[in-house]
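Engineer: here's a sequence, model it:
(chains A and B)
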Number of protein chains: 2
Amino acid sequence: MNFSTYLKQKAKLAEKGLTKFINQPKNAPQILIDAMNYSLQAGGKRLRPVLVIATAEAFGKKASDVIAPACAIEMLHTYSLIHDDLPCLDNDDLRRNKPTSHKVYGEDLALLAGDGLLTYVFEVFCKAVDSKNISAQNTLTALSYFSKCAGCEGMVGGQVADIFAEGVMEGKSKRQAKLKNLKNKKLEYFALPKNSKEISVEALLEYIHKNKTGALITASVMVGSILAGASKSNLKLMEKYGQLIGLAFQIVDDILDETTSEKKLGKSKSDKQHKKLTFVSLYGLEESKKQADKAIKQSKKILDKVKVKNRKKLEPLYSLADFIQQRSN
Amino acid sequence: MNFSTYLKQKAKLAEKGLTKFINQPKNAPQILIDAMNYSLQAGGKRLRPVLVIATAEAFGKKASDVIAPACAIEMLHTYSLIHDDLPCLDNDDLRRNKPTSHKVYGEDLALLAGDGLLTYVFEVFCKAVDSKNISAQNTLTALSYFSKCAGCEGMVGGQVADIFAEGVMEGKSKRQAKLKNLKNKKLEYFALPKNSKEISVEALLEYIHKNKTGALITASVMVGSILAGASKSNLKLMEKYGQLIGLAFQIVDDILDETTSEKKLGKSKSDKQHKKLTFVSLYGLEESKKQADKAIKQSKKILDKVKVKNRKKLEPLYSLADFIQQRSN
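Structural biologist: Numbers count the residues shown, from 1 in each chain, chains lettered A, B, ... in the order given. Below you'll find the predicted structure:
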């Protein structure tokens, strides 16, 4: 099968699942479901659910076995965009060429739509076990791994580091002014984990990249693999693969913010405006491209080592790595 | 054992668990853990974890078997307070006699501390299965029930209805001005579920009371019961018990907001200021007290019907009902 057809087909499965799941809550205020659905149906590549499906299929399960957790991860991604766009964070008016949630529903409802989605994520995720092919134990293991990647040690941690790093390249952060106890300490000290080996701007950028976007990409890969019952050695390889394509994904994001028009991106180009610490701002455009290419190359070498019955089933994962490298929005 | 000693003892177990769990993430930004911990350690009655422990013990498990989900529910409660206090919702400066999260950490970090806690909730909840006495399937069933109660069909739904109902008794809601598509429709129409049998201010108040606070109290009771493997008929009774003490809890909340000083409450008395739709504003003080007493009486009658080996183990649940009725903050 042609990869572009594959991608469309799996994304369509995710769309169908999302529509089904968002219409299941019968006891929710109508306006809340509207607000949750508005952001959920705003489009997007559905990359994360496709990754869940592709990895589960590589290890012998069917798309239908993992459709619930696949949709759950997309819901989590969506909540993070809603909250990220709020005035107290990035204050963005545009997302996927549509007004952001708080522009349509107001800040209060946007906040609660995000909270509603984030909570619903876990209810939907649990439905994995309804498929007779997924065990309760694997569901719990996958859910636990996924929560870690999405939370304070993953995506949310990355977002915190990201706002702390704003302005750090110019030597002044908006956080420094706000937090009194920051006065005599370096920002990196607070934005990095307590036991970090290295406290520096470079370490801060690495933390942001690994966690802000990368963690959820890694989680998508691992959720599919864990639910499908991949072996320990395969899980270790898949985690590395996920981390590498996740890293590449965020570097490409930084590059696109620098080189692509707002219209094509479908969102505000806010990196510069917010003085964000990005791969491009720290290492420049050329070096960033090199790093992204290197990560993708490595990720495919890792896939070579994965042991599966039918190697043909790994093909979409190679193509997904290329897709992440070559994407233009 | 004296009930006040019992309450202190179990609350202490919860405190110990919370301190343990909040210190486990080693890869989170230090400032984020600080912010999460600030609100988590602000005190409170720890009623929800005590309910989880008490119900689990009633059905033959030990406190240590359910300490993880018990703490998870308290974390969920805490995140909801952080977000609820934000300027775009209740805009409260004081909680448990301490400055609220956004007053100390800024709106951005407070938002993310809430998100971090809400996500961590599910990672911690999954640890129930680490106790050899709780099955993976029961953990998933409990987690799923709990998510429903915490999300768009429960607590978050209740909060949405609550903000829609602000000003409804005076005939003008702040939401009406904000949402253009609300112009010619009644607020209740949007703030209630699509298929509601009745669309009225009374139905709106009932929805708020059942969901804003009640749902999480019911969830606490049910999580303990489900994890402990209570029978279907007992689960049905426990759900009713949970709903009744949850209803009483919220009515008492409304009464206290009317009758107690801010200092004693430890938080801003914001019901009147926000023109909230409450039991007191709709039915008056006397009728509200009557309703709370009635719910507590009924809840104890329900407990009479529960079948357990050792009825002594049900005693704390009777006392907890009384405690909810008689609490003064």
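Engineer: tell me which parts of the stretch 201-329 of chain A are close to chain B?
Structural biologist: residue A:207 (CB under 8 Å from any CB of the partner chain). Using the backbone N, CA and C atoms, a C-beta is placed for each residue, glycine as well.
Engineer: check contacts around residue A:143.
Structural biologist: A:69, A:122, A:125, A:126, B:122, B:126, B:143 (CB atoms under 8 Å, 6 or more residues apart in numbering or on different chains).
Engineer: measure how buried the second one is and give me the count.
Structural biologist: To tie it back to what came earlier, the one meant is residue A:122. 28 (other CB atoms under 10 Å in any protein chain shown).
Engineer: A strand includes it, no?
Structural biologist: No. Residue A:122: not assigned to a strand; according to DSSP: H, G, I helix; E, B strand; the rest coil it is helix.
Engineer: hang on, isn't residue A:257 packed against residue A:271?
Structural biologist: Yes. Between residue A:257 and residue A:271 a contact is recorded at 4.4 Å, counting by CB atoms under 8 Å.
Engineer: shared neighbours, those two?
Structural biologist: Common neighbours of residue A:257 and residue A:271 (CB under 8 Å, 6+ apart) are A:278, A:280.
Engineer: so for chain A, the centremost residue is which one?
Structural biologist: The residue lying closest to the centre of chain A (CA atoms, centre = their mean) is residue A:216, at 3.9 Å.
Engineer: what's around residue A:25, how many residues?
Structural biologist: Close neighbours of residue A:25, defined as other CB under 10 Å, add up to 22.
Engineer: just residue A:327 next, same as before
Structural biologist: When neighbours are counted by other CB under 10 Å, residue A:327 registers 14.
Engineer: show me what contacts it?
Structural biologist: Residue A:327 neighbours (CB under 8 Å, 6+ apart): A:45, A:252, A:256.
Engineer: chain B: which of those is nearest?
Structural biologist: residue A:45 (22.9 Å; CB to the nearest CB).
Engineer: what helix or strand is that closest one located in?
Structural biologist: Counting by DSSP states H and E, there is no helix or strand that carries residue A:45.
Engineer: and the longest helix for chain A?
Structural biologist: Using DSSP state H, we find that the single longest helix of chain A is helix A:232-259.
Engineer: for that one, packing partners?
Structural biologist: Applying 3 or more CB pairs under 8 Å, 6 or more residues apart in numbering or on different chains; DSSP states H and E, one finds that helix A:232-259 contacts helix A:201-211, helix A:214-227, helix A:279-283, helix A:285-305, helix A:315-326.
Engineer: comparing these by mean pLDDT, which bottoms out?
Structural biologist: Among those, helix A:279-283 has the lowest mean pLDDT, at a mean of 87.
Engineer: hang on, the earlier thing: mean neighbour count, the helices and strands packed on helix A:232-259: which tops it?
Structural biologist: Of all those, helix A:214-227 has the most neighbours on average by mean count of other CB atoms under 10 Å in any protein chain shown, namely a mean of 28.
Engineer: what is that one packed up against?
Structural biologist: Using 3+ CB pairs under 8 Å, 6+ apart: helix A:214-227 touches helix A:47-58, helix A:67-85, helix A:136-150, helix A:155-165, helix A:232-259.
Engineer: pLDDT below threshold where in the stretch 1-150 of chain A?
Structural biologist: A:1 (pLDDT under 70).
Engineer: excluding sequence neighbours, find me the nearest residue to residue A:81.
Structural biologist: Counting by CB to CB, 6 or more residues apart in numbering or on different chains, residue A:81 lies nearest to residue A:95, which is 6.1 Å off, once chain neighbours are set aside.
Engineer: name whatever forms a beta bridge with the one you found.
Structural biologist: Applying DSSP bridges to residue A:95 gives these bridge partners: residue A:98.
Engineer: count the residues that sit near it.
Structural biologist: Residue A:95 has 24 nearby residues by other CB under 10 Å.
Engineer: so who does it touch?
Structural biologist: Residues near residue A:95 by CB under 8 Å, 6+ apart: A:39, A:42, A:81, A:85, A:266, A:267.
Engineer: surely the first one is in contact with residue A:80?
Structural biologist: No. Under the criterion of CB under 8 Å, residue A:39 lies out of contact with residue A:80, with a separation of 10.4 Å.
Engineer: which of the contacts of residue A:95 are buried? Put it as a ChimeraX command.
Structural biologist: Buried members of these, defined by 16 or more other CB atoms under 10 Å in any protein chain shown, are picked up in ChimeraX with:
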select /A:39,42,81,85,266,267
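Engineer: closest to residue B:233 out of the contacts of residue A:95?
Structural biologist: Closest to residue B:233 out of the contacts of residue A:95 is residue A:39 (41.4 Å), distances taken as CB to CB.
Engineer: how close does the closest one get to residue B:203?
Structural biologist: Residue A:39 is 28 Å from residue B:203, where distance means CB to CB, to the nearest Å.
Engineer: before we move on, what about residue A:116?
Structural biologist: 20 Å.
Engineer: before we move on, back to that, let's have the helices and strands packed on helix A:214-227 in CSV, adding distance to residue B:310.
Structural biologist: Converted to CSV, the helices and strands packed on helix A:214-227 look like this (distance: least, CB to CB, whole Å):
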stretch, distance to residue B:310
helix A:47-58, 46
helix A:67-85, 39
helix A:136-150, 29
helix A:155-165, 43
helix A:232-259, 43
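Engineer: quick one: closest of these to residue B:198.
Structural biologist: Here helix A:67-85 is closest among those (CB to CB), at 30.5 Å.
Engineer: send the alpha carbons of the closest one over as CSV?
Structural biologist: In CSV, the C-alpha atoms belonging to helix A:67-85 read as follows (Å, rounded to 0.1, in the frame of the first residue of the first chain):
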residue,chain,number,x,y,z
ILE,A,67,-8.8,2.5,18.7
ALA,A,68,-9.9,3.7,22.1
PRO,A,69,-6.5,4.5,23.5
ALA,A,70,-5.5,5.9,20.1
CYS,A,71,-8.3,8.4,20.3
ALA,A,72,-7.6,9.0,23.9
ILE,A,73,-4.1,10.2,23.1
GLU,A,74,-5.5,12.6,20.4
MET,A,75,-7.9,14.0,23.0
LEU,A,76,-5.0,14.6,25.3
HIS,A,77,-3.1,16.3,22.5
THR,A,78,-6.2,18.5,21.9
TYR,A,79,-6.6,19.5,25.5
SER,A,80,-3.0,20.6,25.6
LEU,A,81,-3.5,22.9,22.6
ILE,A,82,-6.6,24.5,24.2
HIS,A,83,-4.8,25.3,27.4
ASP,A,84,-1.6,26.3,25.6
ASP,A,85,-3.5,28.9,23.6
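Engineer: what residues sit buried inside that helix?
Structural biologist: Buried, per 16+ other CB under 10 Å, within helix A:67-85: A:67-85.
Engineer: also stretch A:127-135?
Structural biologist: For stretch A:127-135, using 16+ other CB under 10 Å, the buried residues are A:127, A:128, A:129, A:131, A:133, A:134.
Engineer: the last one and residue A:62 touch, don't they?
Structural biologist: No. With contacts defined as CB under 8 Å, residue A:134 does not count as touching residue A:62, sitting 10.4 Å away.
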